[in-house]
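Trainee: sharing a sequence plus its predicted fold:
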Amino acid sequence: MNARLLVATGNRGKLAELARLFSGLPIELLSPDEVTSVPEVIEDGDTFEANARRKAGVVAEVTGMMVLADDSGLEVDALGGAPGVRSARYAGDGASDADNNAKLLGALDGVADDARTARFRCVLAVADPGGPLGQRIHIEHGLCEGCILRAPRGDRGFGYDPLFLPSGSDRSMAQLTPSEKDARSHRAAAAMRMRAFLEAYLPTR
């Protein structure tokens, strides 16, 4: 019988990517919509890891389930690492992807191409208080280096994908097919490491 793994995110783009990346594992991925009493966790940490740890721990404690949490975002060198942990709400609470992209382009107006370096960062956390992990939370990290374009390209993906040009690519993240994105994205890098952990961990539950 497959283990049930609750993914503590309402972002459907993230859910779709994680479903692909964990395909074939003996788990049933569940979204918050499929589980009752999933708490809303305030992401007020100073780092992606702090937010991922908090989300996984709180949701697992409340639901009693094994939980996977993701915190991820964009770090732009010319902006001192912004938007960083505020990536999803860079243009304000409730901001759309278009709002955030527009604010980013405005913040980089006049910045030379060679100074527009950036990276996507992802931290995945698994909590399983009723299993062998106990009160420990397992963490994996992933990065994707690149730069910020001067205008959006492509209509795939979500978030800042249309503005992000991965290193070594001539197409934005939003121009890549799902399989191409899964081969190089920050979330894929973290998920492949977490997948290896789960392959070893699940038989011990």
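Mentor: Right, received. Where do you want to start? All of these numbers come straight from a predicted model, not from anything done at the bench.
Trainee: what sits against Gly131?
Mentor: 66, 204-205 (C-beta atoms under 8 Å, 6 or more residues apart in numbering). (C-beta placed from N, C-alpha, C; glycine too.)
Trainee: is it fair to say it lies in a helix?
Mentor: No. Checked against DSSP: H, G, I helix; E, B strand; the rest coil, Gly131 lies outside a helix; its state is coil.
Trainee: need the phi and psi values for it.
Mentor: Per-residue torsions, Gly131: phi -110, psi -170 (degrees, to the nearest 10).
Trainee: repeat that for Asp113.
Mentor: Backbone torsions for Asp113, taken as degrees, to the nearest 10, come to phi -60, psi -40.
Trainee: excluding chain neighbours, what is closest to it?
Mentor: What sits nearest to Asp113 in space, not counting adjacent residues and going by C-beta to C-beta, 6 or more residues apart in numbering, is Cys147, at 7.4 Å.
Trainee: next one: Tyr90
Mentor: Per C-beta to C-beta, 6+ apart, closest to Tyr90 is Pro83, 3.9 Å.
Trainee: what's Ile137 sitting at in phi/psi?
Mentor: The phi/psi pair for Ile137 (degrees, to the nearest 10) reads phi -120, psi 130.
Trainee: roughly how far apart are it and Met65?
Mentor: Computed as C-beta to C-beta, to the nearest Å, the Ile137 to Met65 distance reads 14 Å.
Trainee: before we move on, back to that, for the residue nearest to Asp113, give me its contacts.
Mentor: 113, 116-118, 164-165, 167.
Trainee: neighbour-wise, which of these leads?
Mentor: Greatest neighbour count in the contacts of Cys147, by other C-beta atoms under 10 Å, goes to Phe164: 29 neighbours.
Trainee: contacting residues for that residue?
Mentor: 74, 118, 120, 146-149, 172-174.
Trainee: from those residues, which land in strands?
Mentor: 74, 118, 120, 146-148 (DSSP state E).
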